[in-house]
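Got a predicted structure here, sequence first:
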Amino acid sequence: MKIEFSGAARNVTGSKHLLHLNGKKILLDCGLFQGRRKISEKWNRMFPFDPKTIDYMVLSHAHLDHCGAIPYLVKEGFDGPIYCTHATRDLCAIMLRDSGYIHEKDAEHMSKKTGKVVEPLYTVADAEKCISNFRSVNYHQRIRLFDGVYFTFHDAGHILGSAMEEWEIFDQDTKQQIRFGFSGDLGRKCLPILQDREQMENLDFLITESTYGNRLHDEIAEVEIEFANKIKEAYDRGGKIIIPAFAMGRTQEILYMFKTLMADGKIPHIPIFVDSPLARKATEVFSIHPECFDDEMSDLMDKGVDPFYGDGVQFTQSVDESKALNKFPGSCVIISASGMCEFGRIRHHLANHLGDKKNLVLIVGFQAENTLGRKLVDSENPVNIFGDPHEVKAEIKIYNAFSGHADQRGLLEFAANAGNLKDVFLVHGEEKPQKVFMEKLREQDNITEDCDIYAPLPGETFELTTDMKFRKTNDINEVSQNFYRECEGEGCMVNY
């Protein structure tokens with residue numbers, strides 16, 4: 001058995017982890033790189049492996065940094081099954097189609113701007129075609145891929161349908177029976193709407209995310225008063241409240257929060273516009289997957305209370321409706337995608353509202369390096385939007401309490417209860433958080449001196465030995481070598 005780390009390696013986007021197992025290749029996730037536009041565009045048009053050689057794919061959840069490259073994977077020759085949960089399949093059906101539309105429009109824009117024909121990474125038709133490869137299964141359903149290889153999905157509590165993977169494998173080369181887990185993106189406990197994440201146990205090996213390996217989140221209950229006060233301040237000064245939020249997951253949590261605060265009289269009844277056609281469709285998917293709801297959410301639904309619709313909430317449809325929000329009189333809330341401010345209508349809203357000190361921009365999710373959202377978090381001023389500088393006069397407020405990722409405490413708790421681990425691999429994290437998290441992992445009782453903790457570089461491959469340990473190997477195929485050689489030296493994640 002070999003594990004090749006092809007994406008989200010010392011980086012938080014582009015998740016791709018390739019298993020070489022008993023003569024088969026299994027791809028765990030296939031996400032888009034997000035960051036500097038020119039570099040991301042280049043990365044996303046290359047795979048560090050030949051898609052035609054992949055036999056199976058297993059998908060953890062429907063965020064684009066985990067699923068967004070699937071249409072391109074199929075376009076380039078992959079024709080195997082893609083396993084995921086039912087909710088993830090339903091979300092991908094709309095997420096990937098929307099992503100294809102964005103790629104088409106971006107290519108059209110660049111073609112006009114440069115005078116050269118620019119082909120989209122993939123189209124709406126490509127996205128629709130790849131959905132036929134999806135095979136959705138239940139949580140806790142033990143799935144046999146082929147002889148000696150099984151996996152089971154457990155609820156990761158990150159977004160609707162998100163899953164961690166428990167693998168049971170008989171490795172024919174080493175004659176070893178092993179159990180390893182892939183966390184996907186781990187959710188936090190006690191968040192609204194979704195059930196808490198589950199716990200995998202008795203694992204030999206663990207591949208775990210490490211996004212917040214060096215941070216502790218504020219609890220939502222602790223920041224609720226300050227959050228409500230900020231909303232009231234912006235409302236009183238007649239400002240607009242702009243919230244970049246992923247169309248699926250974060251948007252619904254923010255709606256839930258606003259409606260709860262209004263119902264309790266903690267904030268005034270403010271018009272709320274969800275300016276994302278994708279968010280409207282994603283919200284509809286929530287209503288058909290009650291199996292993912294926590295008890296509080298289920299009780300609300302049973303009482304006929306709708307946490308997403310009504311009471312001043314409006315979902316915009318057309319581009320004209322979106323543009324009209326710029327002239328909306330008085331204060332309002334505009335929730336728009338994308339969450340890292342790199343795509344979609346949020347860029348237009350920021351371009352139109354950052355220059356007014358009455359306005360408030362609420363950052364309610366993780367912002368990857370080199371994204372527009374990260375530049376706002378880092379107080380960069382001015383910021384470039386659509387190639388033009390925009391002065392930042394609006395108030396920027398950051399709330400990590402809304403993060404759907406487990407913080408350091410949650411990550412440690414999960415790893416500490418995963419079993420007597422022989423090796424641990426940290427993915428989906430930047431270098432500094434991973435270094436801190438490594439040190440904290442070493443303090444856990446189930447992490448012995450013999451347990452190696454790796455933060456793989458892109459392209460690094462690890463092979464299982466007969467003594468039930470993974471060892472780094474230089475056995476990287478020619479396609480991978482060409483990919484990383486092509487990327488090297490362009491300010492990309494290879495340069496650590």
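Alright, I've got the coordinates. Residues are numbered from 1 along each chain as shown.

Show me the strands in the stretch 101-250 of the chain, by range?
134-137, 143-146, 149-155, 163-171, 176-182, 205-209, 240-244 (DSSP state E, counting those that start in this stretch).

Which one, of these, ends up nearest to Arg347?
Of all these, it is strand 240-244 that lies closest to Arg347, at 9.2 Å by C-beta to C-beta. Quick note: C-beta positions are derived from backbone N, CA and C, even for glycine.

quick revisit: let me have the strands of the stretch 101-250 of the chain in CSV, extended by distance to Leu372, mean pLDDT and mean neighbour count.
Converted to CSV, the strands of the stretch 101-250 of the chain look like this (distance: least, C-beta to C-beta, whole Å; pLDDT from 0 to 100; neighbours: other C-beta atoms under 10 Å):
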stretch, distance to Leu372, mean pLDDT, mean neighbour count
strand 134-137, 31, 98, 17
strand 143-146, 39, 97, 14
strand 149-155, 32, 98, 21
strand 163-171, 30, 97, 22
strand 176-182, 30, 96, 20
strand 205-209, 23, 97, 26
strand 240-244, 9, 96, 26
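
In a markdown table, list those strands along with distance to Gly310.
Formatted as a markdown table, the strands of the stretch 101-250 of the chain follow (distance: least, C-beta to C-beta, whole Å):
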| stretch | distance to Gly310 |
| --- | --- |
| strand 134-137 | 30 |
| strand 143-146 | 40 |
| strand 149-155 | 29 |
| strand 163-171 | 31 |
| strand 176-182 | 39 |
| strand 205-209 | 36 |
| strand 240-244 | 19 |
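
Ala107: which of these is closest?
Counting by C-beta to C-beta, Ala107 lies closest to strand 240-244 out of the strands of the stretch 101-250 of the chain; the figure is 23.4 Å.

Tell me how far the closest one lies from the chain's centre.
Distance of strand 240-244 from its chain centroid, counting by C-alpha atoms, centre = their mean, to the nearest Å, is 21 Å.

so what strands line up beside it?
Taking DSSP bridges as the criterion, strand 240-244 forms sheet pairs with strand 332-336 (parallel), strand 360-363 (parallel).

for the record, mean pLDDT for stretch 372-381?
Stretch 372-381 comes out with an average pLDDT of 93.

Mind listing what's buried along it?
Of the residues in stretch 372-381, Leu372, Gly373, Arg374, Lys375, Leu376 count as buried by neighbour count, 16 or more other C-beta atoms under 10 Å.

Same check on stretch 403-422?
403-408, 410-412, 414-415, 418-419, 421-422.

State the distance from the residue nearest to the spatial centre of the chain to Leu376.
With distances taken as C-alpha atoms, centre = their mean, His63 lies nearest the centre of the chain, 4.3 Å away. From His63 over to Leu376 the distance is 20 Å, taken as C-beta to C-beta, to the nearest Å.

picking up where we left off before, the buried residues of stretch 372-381 in helices, which ones?
Leu372, Gly373, Arg374, Lys375, Leu376 (DSSP state H).

Let me know the secondary structure of Asn384.
Per DSSP: H, G, I helix; E, B strand; the rest coil, the secondary structure class of Asn384 is strand.

how near is the closest residue to it other than its chain neighbours to Leu350?
Counting by C-beta to C-beta, 6 or more residues apart in numbering, the nearest residue to Asn384 once its immediate chain neighbours are dropped is His390, at 7.4 Å. His390 is 7 Å from Leu350, where distance means C-beta to C-beta.

same deal with Phe205?
42 Å.

cool, Phe182 as well?
Counting by C-beta to C-beta - Phe182 and Leu350 are separated by 35 Å.

Excluding chain neighbours, what is closest to Glu395?
Nearest residue to Glu395, sequence neighbours excluded (C-beta to C-beta, 6+ apart): Leu360, at 4.9 Å.

count of neighbours near the closest residue to Glu209 other than its chain neighbours?
Leaving aside its sequence neighbours, Glu209 sits nearest to His428 (C-beta to C-beta, 6+ apart; 3.9 Å). Neighbour count for His428, taken as other C-beta atoms under 10 Å: 30.

and if you look at the one 10 residues further on?
For Met438, the number of neighbouring residues by other C-beta under 10 Å comes to 17.

contacting residues for it?
Applying C-beta atoms under 8 Å, 6 or more residues apart in numbering, we find Met438 in contact with Gly213, Leu426, Ile453, Ala455.

what does Ile288 give?
With contact taken as C-beta under 8 Å, 6+ apart, Ile288 is in contact with Asp90.

Equivalent analysis for Tyr101, please.
Taking C-beta under 8 Å, 6+ apart, we find Tyr101 in contact with Val124.

And it, how close does it get to Pro277?
Distance from Tyr101 to Pro277, by C-beta to C-beta: 9 Å.

What distance do you get for the nearest residue to Ala368 once chain neighbours are set aside to Ile159?
Excluding the flanking residues, the one nearest Ala368 by C-beta to C-beta, 6+ apart is Val12, at 5.1 Å. Distance, Val12 to Ile159, by C-beta to C-beta: 15 Å.

do the same with Leu32
If you go by C-beta to C-beta, the gap between Leu32 and Ile159 works out to 16 Å.

Neighbour count: the two, which is higher?
For the pair Leu32 and Ile159, the greater number of neighbours falls to Ile159 (28 against 24), based on other C-beta under 10 Å.

what's in contact with stretch 174-182?
1, 17, 28, 60, 164-171, 200, 202-208, 418-419, 464-466, 468.

ok, now stretch 362-372?
Defining contact as C-beta under 8 Å, 6+ apart, one finds that stretch 362-372 is touched by 11-13, 34-36, 211-212, 230, 241-246, 250, 254, 339-342, 347, 350, 373-374, 376-377, 383, 385, 396-399, 402-405, 430.

Figure out the length between the terminal residues of it.
14 Å (C-alpha to C-alpha, to the nearest Å).

Show me what counts as buried in it.
Buried residues in stretch 362-372 (16+ other C-beta under 10 Å): Leu362, Ile363, Val364, Gly365, Phe366, Gln367, Ala368, Asn370, Thr371, Leu372.

just stretch 433-450 next, same as before
Neighbour counts using 16+ other C-beta under 10 Å place Pro433, Gln434, Phe437, Met438, Lys440, Leu441, Gln444, Ile447 of stretch 433-450 among the buried residues.

go on, stretch 9-23?
Quick answer for stretch 9-23 (16+ other C-beta under 10 Å): 9-22.

from the middle of its chain, how far away would that stretch be?
Centroid separation between stretch 9-23 and its chain, computed with C-alpha atoms, centre = their mean, is 15 Å.

then it to CSV, C-alphas only?
Output of stretch 9-23 as CSV, limited to C-alpha atoms (Å, rounded to 0.1, in the frame of the first residue of the first chain):
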residue,chain,number,x,y,z
ALA,A,9,-0.4,19.1,1.4
ARG,A,10,0.8,21.9,3.6
ASN,A,11,-2.0,23.8,2.0
VAL,A,12,-5.8,24.0,2.7
THR,A,13,-7.2,23.6,-0.9
GLY,A,14,-7.0,21.2,-3.7
SER,A,15,-7.6,18.0,-1.6
LYS,A,16,-6.4,14.9,-3.4
HIS,A,17,-4.9,11.8,-1.8
LEU,A,18,-4.1,8.8,-3.9
LEU,A,19,-4.0,5.3,-2.6
HIS,A,20,-2.1,2.6,-4.5
LEU,A,21,-3.5,-0.6,-3.1
ASN,A,22,-3.4,-4.2,-4.3
GLY,A,23,-3.0,-3.2,-8.0
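
pLDDT (mean, whole number) over that stretch?
pLDDT averaged over stretch 9-23 gives 93.

quick one: Asp407 from Arg215, how far?
Asp407 sits 6 Å away from Arg215, going by C-beta to C-beta.

what do you get for Met340?
From Met340 to Arg215 the distance is 17 Å (C-beta to C-beta).
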